[in-house]
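Build me a structure from this.
(one chain, ligands or ions: 2)
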Amino acid sequence: MKIFKFGGASVKDAEGVKNVAKIIQSEGNSDTLVVISAMGKITNAFEEVVDAYYNKSEELALKLNFIEEYHKNIMNALFDKNDAVYQEIDILFGELGWFLARNTSQRYNYVYDQIICFGELLSTKIVSAYITKIGIKNTWFDVRNYVKTDSNYRDAKVDWKLTEDIITKKVDTSQLNITQGFLAGNDTENTTTLGREGSDYTAGIFAYCLNAESVTIWKDVEGVLNADPRVFSDTTLLRQISYEEAIEMAFYGASVIHPKTLQPLQKKEIPLLVRSFINPKEPGTRVSKGALLEPYTPCFIVKRNQILVSISALDFSFMVENNISFIFQKLHEYQLKVNLIQNSAISFSVCVDNKFNKFDDFFQDLKNEFKMEVQKEVDLFTVRHFDDKAIKTIEEKGVSLLTQVNKETLQMVVKAI
Ligand SMILES: Nc1ncnc2c1ncn2[C@@H]1O[C@H](COP(=O)(O)OP(=O)(O)O)[C@@H](O)[C@H]1O
Ligand SMILES: N[C@@H](CC(=O)OP(=O)(O)O)C(=O)O
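Ligands and ions are numbered 1, 2, ... in the order given. Model prediction:
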């Protein structure tokens, strides 16, 4: 069986849904499990709903209305007015309204997951109904009853044993199955999520549990490029990448594949194909056992909006194990993701991602014990397989604040000018 994953970009409008249906029709109308994300940027729109709800903002109704209109516009272009799908979508909006009215929990991450899940539920219902409408039999299922996790809302950890048991028992691998990416369920039947952009990981989970022959991630680009085309004008398509190389790239932040996706596939040597939904005839990129990188070329990865903080002791003492471990404990406590570390005798520098907006609290907590120099809004560039020309390309992006080099990888923190 094959696993397909279609992200938000592929189903951002009615034409997108039709195109996805066409690909499924020609490439995978049986023996296939299709994982789909929320339409377009709807997860971002739901994040605004979560914030408005949590902060009791008057804009909540407006934000909900935008989401409803967005989906209804797509549906109006795909279905007749009396299609049963309208009722199914109304039921979902009803469930969301019910949650918003009845919820009493103040736990942000819990509330977030119970709301954010509607993006994927809506998109899969619409795609499944459209595929049915054009005559392709398919089974829609609620992934929250299949992928089981702990209760670490927004970044839940998969219970592999239970998930594998359920998936192997319940999925009919001879059929076309449609389900949601990114969502999961815990043992109290609440929704959990696997972390932003986690639908690729969902595809990896199903592939692992079902011993799939391959996973295909359908993208709006030709495949995995050696750099983000939104940042670099001159990019090269990578035809083949080894699992190890792809894991390294994803780890450093190449947003094209979710970092957790690759390890389960590597374990079972299931190839991952990254192909274009715009040019589905093209082979794209193959991630598998084999050549490290083909063609062999420098690969650029950029992480925007980072914070570089250089920390030293107020009494000029050396930065050694005891204070470094203390700082790490604090970084962990404030959920600051460390993307680069560099230390000297008297200072310790880290480049962090302030994903959960807790940097200022971290700063307040440490400022009485350490001297801290902070540079906000910096970019972290990573170049795998760098050469002189690649270094020059990065240097042209701004002022270099810190550089770190090891055998295959160069990292540079840059302040744009
Ligand atoms: N190394 C890379 N190779 C290909 N695309 C990349 C790379 N880095 C960043 N991207 C960007 O990722 C985008 C696709 O991601 P995204 O819009 O999140 O897709 P989806 O909704 O399908 O998950 C591409 O349009 C491209 O601009
Ligand atoms: N919709 C979720 C999950 C996801 O993976 O989306 P996409 O495949 O569009 O990146 C998100 O935006 O985080």
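
Give me the neighbour count for the residue of the chain found nearest ligand 1.
Closest residue of the chain to ligand 1, Cβ to the nearest ligand atom: G7 (2.2 Å). Every residue, glycine included, has its C-beta placed from N, CA and C. Using other Cβ atoms under 10 Å, G7 is surrounded by 22 other residues.

List the contacts of it.
37, 181, 199-200, 217-219 (Cβ atoms under 8 Å, 6 or more residues apart in numbering).

In strands only, show me those residues.
Of those, the ones assigned to strands by DSSP state E are 217-219.

Spatially nearest residue to G195 (excluding sequence neighbours)?
The shortest distance from G195 to any non-neighbouring residue, by Cβ to Cβ, 6 or more residues apart in numbering, is to D155 (4.9 Å).

pLDDT score for that neighbour?
Looking at D155, its pLDDT reads 94.

residue contacts, it?
193-195.

Could you dump these into TSV and include neighbour count and pLDDT?
Below are the contacts of D155 laid out as TSV (neighbours: other Cβ atoms under 10 Å; pLDDT from 0 to 100):
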residue	neighbour count	pLDDT
T193	25	98
L194	24	97
G195	15	93
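
Quick one: those as TSV, columns for secondary structure and distance to ligand 1 too.
Listed next are the contacts of D155 as TSV, based on DSSP: H, G, I helix; E, B strand; the rest coil; distance: Cβ to the nearest ligand atom, whole Å:
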residue	secondary structure	distance to ligand 1
T193	strand	15
L194	coil	14
G195	coil	13
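
and the contacts of G7 near ligand 2, which?
37, 181, 199 (Cβ under 6 Å from any ligand atom).

so which of those residues is the most crowded?
For the ones next to ligand 2 among the contacts of G7, neighbours tallied by other Cβ under 10 Å; top is G181, 30 neighbours.

Would you confirm that that residue contacts R196?
No: in terms of Cβ atoms under 8 Å, G181 does not count as a neighbour of R196; the distance is 11.3 Å.

got the phi/psi numbers for L237?
phi -80, psi 130 (degrees, to the nearest 10).

Can you get me a residue count around it?
17.

quick one, what contacts it?
Per Cβ under 8 Å, 6+ apart, neighbours of L237: 222-225, 284-285.

Serialize those to JSON lines and add fields for pLDDT, distance to I327 and neighbour count.
Supplementary listing: the contacts of L237 in JSON lines, determined by pLDDT from 0 to 100; distance: Cβ to Cβ, whole Å; neighbours: other Cβ atoms under 10 Å:
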{"residue": "E222", "pLDDT": "95", "distance to I327": "42", "neighbour count": "21"}
{"residue": "G223", "pLDDT": "96", "distance to I327": "40", "neighbour count": "21"}
{"residue": "V224", "pLDDT": "95", "distance to I327": "35", "neighbour count": "26"}
{"residue": "L225", "pLDDT": "95", "distance to I327": "36", "neighbour count": "20"}
{"residue": "G284", "pLDDT": "97", "distance to I327": "42", "neighbour count": "21"}
{"residue": "T285", "pLDDT": "97", "distance to I327": "39", "neighbour count": "26"}
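
Could you list which of the residues you listed belong to strands?
Short answer: the contacts of L237 in strands (DSSP E) are T285.

Show me which of the contacts of L237 is closest to K330.
V224 (35.7 Å; Cβ to Cβ).

which SSE is the most far-flung residue of the chain relative to its centre in?
Here the chain reaches farthest from its C-alpha mean at D315, the gap being 42.3 Å by Cα atoms, centre = their mean. Following DSSP states H and E, there is no helix or strand that holds D315.

give me phi/psi at it?
Dihedral angles (degrees, to the nearest 10) for D315: phi -90, psi 20.

roughly how far apart are it and S349?
19 Å (Cβ to Cβ, to the nearest Å).

Can you get me a residue count around the closest residue to I74 other than its chain neighbours?
Using Cβ to Cβ, 6+ apart and skipping residues adjacent in sequence, the residue nearest I74 is A14, 4.9 Å away. Using other Cβ under 10 Å, A14 is surrounded by 17 other residues.

Phi first, then psi, for A14.
Torsion angles, degrees, to the nearest 10, at A14: phi -60, psi -40.

I'd say it and H71 touch.
No: A14 is not in contact with H71 according to Cβ under 8 Å; the separation is 10.7 Å.

tell me the contacts of the residue nearest to I74?
Neighbours of A14 in contact, by Cβ under 8 Å, 6+ apart: 73-74, 77-78.

Mind checking which of these are in helices?
Among the contacts of A14, DSSP state H puts 73-74, 77-78 in helices.
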